[in-house]
Every structure is written in structure tokens, then in C-alpha cells.
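Chemist: Predicted model, plus sequence, below.
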Amino acid sequence: MTSTTWLDDVFSTKKPVIAMLHLSALPGDPGYDTKAGIGAIIDRAKAELDALQTGGVDGVMVSNEFSLPYLTKTEPITAITMARIIAELLPQLSVPHGVNVLWDGRASIDLAVATGAQWVREIFTGVYASDFGMWDTNVGEVARYRHRIGGQDVKLLFNIVPESATYMAERSLKSIAETTVFATKPDALCVSGLTAGAPTDTQSLRIVKDAAGAVPVFVNTGVRAANASEQLAIADGAVVGTAFKEGGVFENRADLARVQELMGAVRDFRATL
């Protein structure tokens, strides 16, 4: 059975906070700036990584967050470009890192293996009606693919309440969490709000935590300095993106002062454990 031991091994702290490093639109994306090119993406990523690490985050997850609108099966250029960017970031990285190629589980695992990432986060289970079309997953295929390419040590964070989507079956969140843990062996579960930066419902978070047993549960959206203690009193860790940005605005860059404020609140909470 998966336990929180792997969190201790990777992060060396209780209630780790993973910061999202949102990459600008990439080649092939509608929003890609062909004039500025990949160099501009790398420059922004390096500056934001510096703010996140200086501010004291426990880990960083690199994602193609600005590849809107997302694909459920990405084009090869996306993961290839992300690998190029992460290679430029690796000398600067001083905390553990993970990756997320939205919304493509296999591409995420490819990228993790290629860049030495320690975890990926994706939609690995369930069938959803989403703003990006129908999500129809195959976790057994993905698990075997991870094994086949040598990714056994890459931890899989399952987002079981995905953003911008609704589970197709008439099942309770408790039931989904219980069967996901039993049948698909996740390394962690992630509970989200409606969109990036949207608050995660505390009741939903508690339902998943109670159903997950020894499997760690991350609050995946909406953590801020003001609610960090409330959310982390339930969850085993947090994934934070928008709250670290200038003005708390999704499109903006990571802001050192905001990172320090939120991580200060987290450290204060940890001191009570």
C-alpha cells in the first residue's frame, strides 16, 4: 500500500507545497509568440523558478499551462519543447521537480523519464465530459507504458476531480476515491476546484482524504496564505500556482513577495504539528 513515506523521502518535510511553473504558450499552441521564440519562454521560466525557490517552495512542477485550449492527446512538439526548456532549468533547480503535459498522461510520463522528474500529475482514470471534449482514459495501458519505458520510480498523482470537467457516471466522490485507490494504485490523489486558482471545496477534500486510506491527498487548486492552514489540516500537501503570481492573477508571473507570504503561513502551520 502506498503511504506518505514517499513524500517524506522526496520533500523531507511534512505537508509539502509544490509550486506550479507555468510555461508560456509553446510551438504549435495558438498563443505561441513566434517572434519572441523559445528563448523568451526560457527566460521567463528561469525568472519564475528563481522567485519560487527563493521564496521557499518544497518542489516545482513544470506544466504547459498556457497551451490553451488544451488537447487530451498532445502533439509531439509539446513534450519535446518542454524537455528542451527543462534541460535549461536543471542547473538552476534546487528542489525536487515533477511535470505535467496537459492533458496527456503518456506524454507526461515520457517527459518525466527524459528529464529525471520524480512525479507527474494527470487525469489517469475515469470518463469525463469536459470543455476540451470527452476524456476517456485507460489507466492500465498507462501503467504498463510507464513500466515499459523505465519509469517505475516516477510517482503518479491522479487528479480525480479534474478542472473544467464532470465525471460521466452517477457515482459519489467517496466511491470514486475508494475504487481509484483499490483498483488503480495511485501514488497520490489530487482534489481540485473548477479551474486553476479556484478554491477547492473543503468538504470534497475531506471526503477524498477519508476514503484514500494511506494514499496521500493533495489540495490541487485555490490554496492561499489565508486558507493554507485550513486546507493543510486536511490534505497531505498542496499544489499552488495562481496564488504565487503577481496580484494572484493566473496569467501573471510568479512574485517573490507572494511566495514568501504563503510559504510563511505554511511554515507557521507546520510548527503546530
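Modeler: Looks like it arrived, so ask away.
Chemist: how about the strands of this structure, start to end?
Modeler: Shown for the chain, the strands assigned by DSSP state E span residues 17-22, 59-63, 97-100, 119-122, 127-130, 133-136, 155-161, 165-167, 188-191, 217-219, 237-240.
Chemist: who wins for proximity to Thr202 among those strands?
Modeler: Minimum separation from Thr202 across those (C-beta to C-beta) falls at strand 217-219, 9.0 Å. Any C-beta I mention is one placed from the backbone N, CA and C, and that applies to glycine too.
Chemist: quick one: Ala198 and Gly222 touch, right?
Modeler: Yes - if you go by C-beta atoms under 8 Å, Ala198 and Gly222 touch, sitting 5.4 Å apart.
Chemist: Neighbour count for those two, which is higher?
Modeler: Applying other C-beta atoms under 10 Å to Ala198 and Gly222 shows that Gly222 carries more neighbours, namely 22 against 14.
Chemist: Show me the residue sitting in the middle of the chain in space.
Modeler: Arg121 (4.9 Å; C-alpha atoms, centre = their mean).
Chemist: surely that residue meets Leu157?
Modeler: Yes - assessed by C-beta under 8 Å, Arg121 is found in contact with Leu157 at 4.0 Å.
Chemist: shared neighbours of the two, which are they?
Modeler: By the contact definition C-beta atoms under 8 Å, 6 or more residues apart in numbering, Arg121 and Leu157 are jointly contacted by Gly98, Cys190.
Chemist: if I pick Leu232, what's in contact with it?
Modeler: Applying C-beta under 8 Å, 6+ apart, one finds that Leu232 lies in contact with Lys15, Val219, Val223, Ala238, Val266, Phe269.
Chemist: now swap in Leu102 and tell me
Modeler: Neighbouring residues of Leu102 by C-beta under 8 Å, 6+ apart: Ser63, Asn64, Glu65, Ser67, Tyr70, Leu71, Thr74.
Chemist: any idea which of the residues you listed has the most stuff around it?
Modeler: Within these, neighbour counts (other C-beta under 10 Å) peak at Asn64, which reaches 28 neighbours.
Chemist: so what's it scoring on pLDDT?
Modeler: Per-residue confidence at Asn64 stands at 98 (pLDDT).
Chemist: any idea how far the closest residue in space to Val181 that isn't next to it in sequence lies from Asp131?
Modeler: Leaving aside its chain neighbours, Val181 sits nearest to Val215 (5.2 Å; criterion: C-beta to C-beta, 6 or more residues apart in numbering). Using C-beta to C-beta, to the nearest Å, we find Val215 at a distance of 28 Å from Asp131.
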